[in-house]
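Student: Fold the following.
(chains A and B)
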There are 2 protein chains.
Amino acid sequence: MKVLITGGAGFLGARLARTVLANGLGGESIAELVLADQFAPPPDLLADPRVRALTGTLVEQSANLCREAFDTVFHLAAAVSAECEADFDLGMRSNLDSTRALLEALRAAGNAPRLVFSSSAAVYGSDPGLPMPTVIRADTMPTPQSSYGIQKFICEQLVADYTRKSFIDGRNVRLMTVVVRPGRPNGAASGFFSGIIREPIAGQPAVCPVAPETPVALLSPARTIQGLITVAEASRQTLGGRIALNLPALTVTVAEMLDALEAVAGAETRALVRFEPDPAIARLVYGWPAFFDNSRAQALGLVPDPDFHSIVRAFLAERASETVLLS
Amino acid sequence: MKVLITGGAGFLGARLARTVLANGLGGESIAELVLADQFAPPPDLLADPRVRALTGTLVEQSANLCREAFDTVFHLAAAVSAECEADFDLGMRSNLDSTRALLEALRAAGNAPRLVFSSSAAVYGSDPGLPMPTVIRADTMPTPQSSYGIQKFICEQLVADYTRKSFIDGRNVRLMTVVVRPGRPNGAASGFFSGIIREPIAGQPAVCPVAPETPVALLSPARTIQGLITVAEASRQTLGGRIALNLPALTVTVAEMLDALEAVAGAETRALVRFEPDPAIARLVYGWPAFFDNSRAQALGLVPDPDFHSIVRAFLAERASETVLLS
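Tutor: Now for the predicted structure:
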C-alpha cells in the first residue's frame, strides 16, 4: 500500500505516519509512505526506508503528485485558525487553493484514491441569524464564524463532490481540539488548551486567555489518530454518506482541566497557570461548540477519552518515554 | 447610485435591469448601470444612456471591475445545473472561479459594496447519510447532490466570510425554479418546467421529462426580481445574519401546472405536452426539495405566487405586450 500524508512533518502527521508504518492500514502493510510538508519530517521517520519526504507547498507539488498513484491519502496540511483570521489571503491559499490543487492532482492520477480530509469542529458557530444549538448533532448546519472554519467547510464540499463524481473516494472528518499537543505553541487559537497542561508539566509558566468556566470539546492525540485511521479503513456503507463525521468529544471546562493537572502533577504545577484574558482568542474560542452528540462516531466504534485525568497521565507517560529515548 | 449586474444580459438580469432603471434602488435613482455578461444586453437596455455593457468572462473583467466603486452588485452570472453536471471544469470555472474573482475585485475596490448573490434551492439534496426533510427550513443543512449545488453553496460561504470580514456587504439569496421563463430553452435541468407552458402557448409541442405527479418549488419571474431587490434594500438587521435566504416558493405538481395551462389556454394547448422520461434530468430534479417553510421570507414581506393560474395569466399578458411592442 502506498500512502500520502500532507502535513506529514507536523505533530499529528508524524504520529499518524509512525502508527501506519507500525500497524499497516486496512490489513495491508505500508510499502511506501510519502510525507508532504513545508518542513522536513522528524529524523526517525526519515530513517525508515519506506518513507519519502516531499518538501514545499502543495500547490507546487501537485504537478508531481498527479503522477503517483496513492492508495490512501491523509490530507492534514493547513494554516491554523488564528493565522487565517489574521491573514485572510494566507488562509485562502494554504487551505482552499492547496486542497483544490491536491484534489485535482488525485483526480488526474486517475485511480480514485481514498482520501481522508481533516476538517475541524471550527466549522460550527453562531451566525447572527441562526444561533448554534447547545449540542451539535450530525444534522446541525455549520455556519462558520472564522475564515479558517469557512475554508474547512468549503473543502468538505469539494471533497464530497469529487467523491460523488468518483474522482476520489473521499471522507471528511472533523477534528476536535487536540489536547495535549507536545512541542512548541503554534498559531492555533486553541493552542493554549495544550499549553496550560504542557508548559506547567515542563516547569514553565503558562497563560490561559479564557475564563476558567470555559468548556471545550477535546480529544487526545491517540484517539484523534485512531479516528483518522478508522475513517480511512471504513467501508462507504459503514460511513453512511458523504457528510463530515465529527470525531467524538470529551467536554471539560478549563477549571476541570486544571483540577486534573493538579490531581496528577501537584498543586505547584497548577499554580504555574495564570489567567490573562485575550479578547481576540476568546472571540474565536467562545464561538466554537463545546457539546457534541457522539452517536455517529460511536457507531464507527469511536468513543471519547473517559476523563481528562487519563489524558494528562498519557501525556506524562509519553513525555517520559521520549525523555528516555532522547537521553 | 452605481449598480453592477453580472449575467446582466440574461433573462433575469435584463428584467432586473429594467426594474431598477425604472424604480431606482433603496430610494435612490440609478446614475450608472453596468451589465456584465458574455453576451451583449438587449437593445432597449443598450439604448439607455445610463447603461454600459461589459462583455467577456468575469475572470477577464475583474481587473477592471476593481477600479469601479459600485454601490450595489447583483451577481447572477452562472453556468446552469445540467451543464455543470456534464462538464465539471466548466462549472468550477464559471461558478466558483468567477465568483471568487468578482469578490476579490469588490474587495480591492475598497468601498465594501452591497452584493446580492443569487444562489439556488439546488443546494439542498438527500445525502446518502442524511435524508433531506420533507419541508426545508432556514436551519436545514444543505447537502448538495450536484456540482452546481456544491458550487453555489461554496460561493455562499465565500460571500458570508467576505461580509464578516467587512470586505463587502453581502447577502445570499436562494432562487426557486423560475417559471415561466420566456425565450429559448437553456441548459438548466429545470428548464422544462417553463418549456411545458411556454412552448404550448406558442403553439409548439413540448416534452416533459418527469412524471406528472412530480412536485416543484417555483416562483414567478416578477416575484423573483422583487425578492432580489428586497434583499438588496433590506437592512442587515432585518435580514438577520449571513445565512442564505430561501425565496418563498409555491409548490405545485406538473399535473397541476398543466391543469392551470388548460384552464387558461385550453385543452388543445395542454395536448401539445407529451411525457417522455429522461433519467439524467429526472435524477437531478427528483433530488431537489419541493416544500419550503416560507416564514423567513415572509418576515421580509416576500410571499409566493397565490396559485399557478396567475403565473400562466401573467406570462400570457407579458407575451401579448411584447408582441405589441415588437409588431
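Student: So which residues on the stretch 101-250 of chain A come close to chain B?
Tutor: Residues of the stretch 101-250 of chain A found near chain B (C-beta under 8 Å from any C-beta of the partner chain) are A:127-130, A:138-145, A:147, A:150, A:153-154, A:157-158, A:160-161, A:164-165, A:239-243. No exception for glycine: its C-beta is placed from N, CA and C like everyone else's.
Student: Which of those are buried? Put it as a PyMOL command.
Tutor: Selection of the buried residues among those in PyMOL, burial being defined by 16 or more other C-beta atoms under 10 Å in any protein chain shown:
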select buried, chain A and resi 127+129+130+138+139+140+141+142+143+144+145+147+150+153+154+157+158+160+161+164+239+240+241+242+243
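Student: residues contacting the residue nearest in space to the middle of chain A?
Tutor: The residue lying closest to the centre of chain A (C-alpha atoms, centre = their mean) is A:Leu175, at 4.8 Å. Taking C-beta atoms under 8 Å, 6 or more residues apart in numbering or on different chains, we find A:Leu175 in contact with A:118-121, A:219, A:224, A:227, A:247.
Student: which one of those is nearest B:Val210?
Tutor: A:Ser119 (35.3 Å; C-beta to C-beta).
Student: Now do that closest one: how many residues are near it, please.
Tutor: For A:Ser119, the tally of surrounding residues (other C-beta atoms under 10 Å in any protein chain shown) stands at 24.
Student: Where does the prediction get shaky in chain A?
Tutor: A:323-327 (pLDDT under 70).
Student: so whichever residue of the stretch 201-327 of chain A sits closest to chain B, which of the three states?
Tutor: Here the stretch 201-327 of chain A gets closest to chain B at one residue, A:Gly241, 1.9 Å apart by C-beta to the nearest C-beta. Classification of A:Gly241 by DSSP: H, G, I helix; E, B strand; the rest coil places it in coil.
Student: tell me the contacts of it?
Tutor: Here A:Gly241 is in contact with B:127-130, B:143 (C-beta under 8 Å, 6+ apart).
Student: what packs against the helix or strand A:Val159 falls within?
Tutor: For A:Val159, the element it lies in under DSSP states H and E is helix A:147-164. If you count contacts as 3 or more C-beta pairs under 8 Å, 6 or more residues apart in numbering or on different chains; DSSP states H and E, helix A:147-164 packs onto helix A:81-86, helix A:88-91, helix A:98-109, strand A:114-120, strand A:169-175, helix B:147-164.
Student: can you map out the strands along chain A?
Tutor: A:2-6, A:32-37, A:51-55, A:72-75, A:114-120, A:135-136, A:169-175, A:177-178, A:206-208, A:215-219, A:245-246, A:250-253, A:273-275, A:291-292 (DSSP state E).
Student: Share the number of residues neighbouring A:Pro42, please.
Tutor: The burial count for A:Pro42: 16, using other C-beta under 10 Å.
Student: Quickly note the distance from the closest residue to A:Ala265 other than its chain neighbours to A:Asn172.
Tutor: The spatial neighbour of A:Ala265 that comes closest, neighbours along the chain excluded (C-beta to C-beta, 6 or more residues apart in numbering or on different chains), is A:Ile201 at 5.8 Å. With distances taken as C-beta to C-beta, to the nearest Å, A:Ile201 is found 33 Å from A:Asn172.
Student: next one: A:Ile30
Tutor: A:Ile30 is 23 Å from A:Asn172, by C-beta to C-beta.
Student: Show me which of these two is the more surrounded one.
Tutor: Higher neighbour count among A:Ile30 and A:Asn172: A:Asn172, with 27 against 20, using other C-beta under 10 Å.
Student: Wait, A:Ser190 touches A:Thr177, no?
Tutor: Yes. Using C-beta atoms under 8 Å, A:Ser190 is in contact with A:Thr177, at 4.6 Å.
Student: which residues are in contact with both of the two?
Tutor: A:216, A:288.
Student: show me the contacts for the residue of the stretch 51-200 of chain A found nearest chain B.
Tutor: Of all residues in the stretch 51-200 of chain A, the one sitting closest to chain B is A:Gly129 (1.9 Å; C-beta to the nearest C-beta). Going by C-beta under 8 Å, 6+ apart, A:Gly129 touches B:138, B:239-243.
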